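*Asks:* Sequence and predicted model, in that order:
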Amino acid sequence: MKKPKIIVILGPTSSGKSDLAVKVARKFNGEIISADSRQVYKNMDIGSGKITKKEMLGIPHHLLDIANPERTFTVNQYQKLAKKALEKIIKNGKLPIICGGTGLYIDSVIYDYKFPKAPPNQKLRQKLEKLKTEKLFEKLEKLDPRRAKNIDSYNRRRLVRALEIIAFTKKPVPLLTIRSDSKKSKFQILKIGTKKTPEELKNKIKKRLFKRLKTGIIAEVKDLHKSGLSWKKLDDLGLEYRFISRYLRRLISRQEMIELILRESYKYAKRQMTWFSAKGGSPPKADAPLEHASGGKKDKNIYWLDPDNKNDFKKIFALCQNFLNL
């Protein structure tokens with residue numbers, strides 16, 4: 001029996017993933033499964049860059065607006081829901097397209113990761129909650145330098161969870177090693193990475209922030225707080241939500257808020273690329289044959305192409321066509 005086919009569109013923030021996924025879905029009768037750790041939350045639209053109904057162009061999108069931001073949504077929960085969405089899409093004879101920048105979400109589904117069974121430790125959590133975020137990060141750096149390299153150093157929830165896993169297993173957070181050949185996945189997979197130079201990405205991130213400020217992101221954060229979301233929770237949600245909440249509390253000025261959002265967004269994009277590089281090799285030659293999509297040392301299945309470049313855009317569609325006809 002042939003394995004079902006999946007197209008994965010991945011890349012750093014602001015690199016054009018959502019628009020490309022819609023275009024691919026329209027061309028190849030697809031439906032999109034979002035793989036974004038903040039777009040799962042309801043009422044977090046502008047700050048998470050959630051695609052609008054208008055931008056969807058009638059293409060069904062799954063795993064958007066499925067969680068309450070007051071509660072922690074785990075990768076285990078994402079994995080279960082994404083699997084159900086995949087089964088439904090395939091059963092209906094459509095092409096599943098996973099699109100997002102949260103590498104762990106993507107890999108948890110296509111490689112069926114098994115996560116460490118470390119139950120919540122309330123006593124430890126209460127102890128850790130008393131520490132400043134910087135101290136939590138320092139502890140993680142000492143106990144697990146590898147995990148510290150790709151974690152959001154401001155995200156208290158993730159820092160506490162990592163330390164909780166280490167305390168339970170007495171080992172570093174298990175390395176979820178990606179398999180470099182798709183024979184070990186239940187699916188045939190084509191991965192397309194949205195390629196941008198660091199300078200292009202910085203310009204896009206900056207342009208996006210000022211657009212979000214114009215379209216009401218500050219009001220969105222105010223509304224989230226009014227609806228019951230604590231300042232601490234907003235801080236945990238990161239990037240725009242973190243620094244706009246601090247601006248609204250008058251802890252920082254508007255200019256400081258902008259500078260901090262830009263700085264941390266650049267860092268976030270870099271962490272995303274660190275994940276994709278570690279998991280998917282170095283950016284490939286765009287004209288490499290399908291079986292040698294990357295010049296990287298590990299997983300060789302990512303085609304890095306710029307959807308805003310006409311030639312690259314044509315190559316993306318040719319790759320999809322070739323993959324689906326195999």
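*Replies:* It's in. Numbering: from 1, shown residues only.
*Asks:* So what does Ile302 have for phi and psi?
*Replies:* Per-residue torsions, Ile302: phi -100, psi 130 (degrees, to the nearest 10).
*Asks:* actually Leu209, not the one I typed
*Replies:* Torsion angles, degrees, to the nearest 10, at Leu209: phi -60, psi -50.
*Asks:* which SS class is the closest residue to it other than its chain neighbours?
*Replies:* The shortest distance from Leu209 to any non-neighbouring residue, by C-beta to C-beta, 6 or more residues apart in numbering, is to Ile261 (5.8 Å). C-beta: built from backbone N, CA, C; applies to glycine. Here Ile261 is recorded as helix under DSSP: H, G, I helix; E, B strand; the rest coil.
*Asks:* close enough to count as contact, Ile261 and Gly238?
*Replies:* No: contact criterion C-beta atoms under 8 Å: Ile261 and Gly238 do not qualify, at 10.0 Å.
*Asks:* Tell me which of the two has more neighbours.
*Replies:* Ile261 (25 against 22; other C-beta atoms under 10 Å).
*Asks:* how about the helices in the stretch 51-200 of the chain?
*Replies:* For the stretch 51-200 of the chain, the helices defined by DSSP state H, counting those that start in this stretch cover 53-56, 75-91, 103-110, 122-129, 133-143, 145-149, 156-169, 198-214.
*Asks:* Same list (these) but as JSON lines, adding distance to Ser34.
*Replies:* Converted to JSON lines, those look like this (distance: least, C-beta to C-beta, whole Å):
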{"stretch": "helix 53-56", "distance to Ser34": "11"}
{"stretch": "helix 75-91", "distance to Ser34": "9"}
{"stretch": "helix 103-110", "distance to Ser34": "9"}
{"stretch": "helix 122-129", "distance to Ser34": "29"}
{"stretch": "helix 133-143", "distance to Ser34": "28"}
{"stretch": "helix 145-149", "distance to Ser34": "25"}
{"stretch": "helix 156-169", "distance to Ser34": "20"}
{"stretch": "helix 198-214", "distance to Ser34": "18"}
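*Asks:* And the nearest residue to Leu81 once chain neighbours are set aside, how close does it get to Phe28?
*Replies:* Nearest non-adjacent residue to Leu81, counting by C-beta to C-beta, 6+ apart: Leu63, 5.9 Å away. Per C-beta to C-beta, to the nearest Å, Leu63 is found 20 Å from Phe28.
*Asks:* circling back to that earlier point, which among the helices of the stretch 51-200 of the chain is found nearest to Gln188?
*Replies:* For the helices of the stretch 51-200 of the chain, proximity to Gln188 was assessed by C-beta to C-beta; helix 103-110 is nearest, at 10.2 Å.
*Asks:* ok, back up a step: how close does the residue nearest to Leu81 sit to Leu163?
*Replies:* Taking C-beta to C-beta, one finds Leu63 at 28 Å from Leu163.
*Asks:* Now name the helix or strand holding Ile32.
*Replies:* strand 30-34 (DSSP states H and E).
*Asks:* Excluding chain neighbours, what is closest to the residue positioned nearest the centre of the chain?
*Replies:* The centre of the chain sits closest to Thr102, judged by C-alpha atoms, centre = their mean, with a distance of 1.8 Å. Closest residue in space to Thr102, ignoring its immediate chain neighbours: Ser37 at 4.4 Å, by C-beta to C-beta, 6+ apart.
*Asks:* That neighbour: neighbouring residues, count only.
*Replies:* 22.
*Asks:* Would you mark the buried spots in the helix or strand bottoming out on mean pLDDT in the chain?
*Replies:* Ranked by mean pLDDT, DSSP states H and E, the weakest helix or strand in the chain is helix 145-149, scoring a mean of 85. Within helix 145-149, the residues that count as buried by 16 or more other C-beta atoms under 10 Å are 147-148.
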